[in-house]
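> Generate coordinates for the sequence data below:
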Amino acid sequence: MKLSPEERRQQREGFRQLTPAKKLEHIWLYYKAPILLTILALGILVSGVYRAATKKDPVMYLACLNVSVGEDMEAQLTEDYLTCRGLNSKRAEMRLYRDLYLSDDPAASDHEYAYASRMKLLATINSKQLDLVLMNREAYDLCSASGYLLDLTNLVDSAYLTANQVILEDNAVEYNLNEAQEYIAVTQTQSNAVELTQLSAFQEAGFSGSVYIGIIANTPRLPECQDYLDYLISTD
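A predicted model of the protein is given here:
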């Protein structure tokens with residue numbers, strides 16, 4: 001109901017005569033909904049501004065397969081590379097997928113972990129959110145055989161370039177279903193990884209075996225990947 005000017009004047013006068021506590025109580029009683037909506041809107045606005053201000057754009061995506069890296073090595077793989085490229089680490093990042101585990105014959109206790117890791121690896125490859133893989137020999141053999149890795153023959157000029165078998169076709173499905181008596185595969189040898197084991201930084205990191213890095217075959221960021229491999233090799 002619309003109030004007359006006199007009634008509005010009387011309400012203002014009555015409000016001015018209230019104690020501070022009563023004024024707050026009055027405001028909360030009659031304006032609670034608008035106040036809460038305003039607070040909610042401000043919270044959403046501040047949250048959005050903060051996310052936009054702190055969001056980091058991925059320069060590349062790197063996965064660690066069957067290898068764990070310490071703080072110093074992780075810094076060299078990520079932050080130090082950004083610094084070398086002249087990129088601001090507050091606005092850019094090397095996105096790192098840690099502790100993925102691949103195995104052709106995992107122990108029963110590791111079976112679910114290996115399966116989940118393989119699914120995550122396939123998902124990131126299919127979504128083109130994986131560019132490079134740092135891996136031990138077992139993971140390298142599996143990635144190479146599966147055709148995940150790019151042939152680096154014409155991309156990397158390095159004494160550390162290493163070759164592995166790529167399965168072009170096989171009868172794995174028939175063999176696993178007992179429809180074939182023996183496993184048969186057509187393979188090809190490709191130079192599809194760089195062995196990092198002899199680089200001083202990786203020797204000092206204390207890896208228990210050989211360590212390799214490869215480029216995922218469908219990466220949309222190939223020039224950046226080449227720069228990254230050059231960076232790693234040049235740090236020796």
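> Please enumerate the strands of the chain.
57-65, 92-100, 132-135, 161-170, 185-195, 212-215 (DSSP state E).
> same for the fourth one, what does it pack against?
Other elements packing on strand 161-170 under the criterion 3 or more Cβ pairs under 8 Å, 6 or more residues apart in numbering; DSSP states H and E are helix 137-145, strand 185-195. Just so you know, the C-beta spots here come from the backbone N, C-alpha and C atoms, and that holds for glycine as well.
> next one: the shortest one to chain centre, how far?
Between the centre of helix 137-145 and the centre of its host chain there is 20 Å, according to Cα atoms, centre = their mean, to the nearest Å.
> Which strands or helices does that helix pack on?
Contacts defined by 3+ Cβ pairs under 8 Å, 6+ apart place helix 137-145 against strand 132-135, strand 161-170, strand 185-195, strand 212-215.
> Tell me how far the last one lies from the chain's centre.
Centroid separation for strand 212-215 versus its chain: 16 Å, with Cα atoms, centre = their mean.
> which stretches of this protein have low pLDDT?
Residue ranges of the chain with pLDDT under 70: 1-15, 17-18, 23, 25-31, 45-55, 108, 236.
> what residues are up against the closest residue to M94 other than its chain neighbours?
Nearest non-adjacent residue to M94, counting by Cβ to Cβ, 6 or more residues apart in numbering: T78, 4.0 Å away. Applying Cβ atoms under 8 Å, 6 or more residues apart in numbering, one finds that T78 lies in contact with L62, E93, M94, L96.
> okay if I get these as TSV plus neighbour count and distance to E182?
Converted to TSV, the contacts of T78 look like this (neighbours: other Cβ atoms under 10 Å; distance: Cβ to Cβ, whole Å):
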residue	neighbour count	distance to E182
L62	23	38
E93	18	48
M94	23	44
L96	17	41
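> Nearest to Q198 among the residues you listed?
Among the contacts of T78, L62 lies closest to Q198 (Cβ to Cβ), at 20.2 Å.
> Quick check: the closest one touching E93?
No. Judged on Cβ atoms under 8 Å, L62 makes no contact with E93 at a distance of 10.5 Å.
> Indicate which one of the helices and strands packed on helix 137-145 is closest to I39.
strand 132-135 (44.9 Å).
> who's in contact with T189?
Shown in contact with T189 (Cβ under 8 Å, 6+ apart): A163, N164, Q165, V166.
> Mark which of those are buried, thanks.
Buried by 16 or more other Cβ atoms under 10 Å: N164, V166, out of the contacts of T189.
> need the contacts of T189 in a markdown table with distance to D131, can you?
Output for these, formatted as a markdown table (distance: Cβ to Cβ, whole Å):
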| residue | distance to D131 |
| --- | --- |
| A163 | 21 |
| N164 | 19 |
| Q165 | 23 |
| V166 | 19 |
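> in the sheet, who's paired with the residue nearest the centre of the chain?
Central residue of the chain (Cα atoms, centre = their mean): R95, 4.1 Å from the mean position. Beta bridges link R95 to Y61 when assigned by DSSP bridges.
> isn't it right up against M60?
Yes. Contact status for R95 versus M60: in contact at 7.2 Å, counting by Cβ under 8 Å.
> So I125 versus N154, what's the distance?
Taking Cβ to Cβ, to the nearest Å as the measure, I125 falls 22 Å from N154.
> between the two, who's got more neighbours?
Set I125 next to N154 and count neighbours by other Cβ atoms under 10 Å: I125 wins out with 21 against 7.
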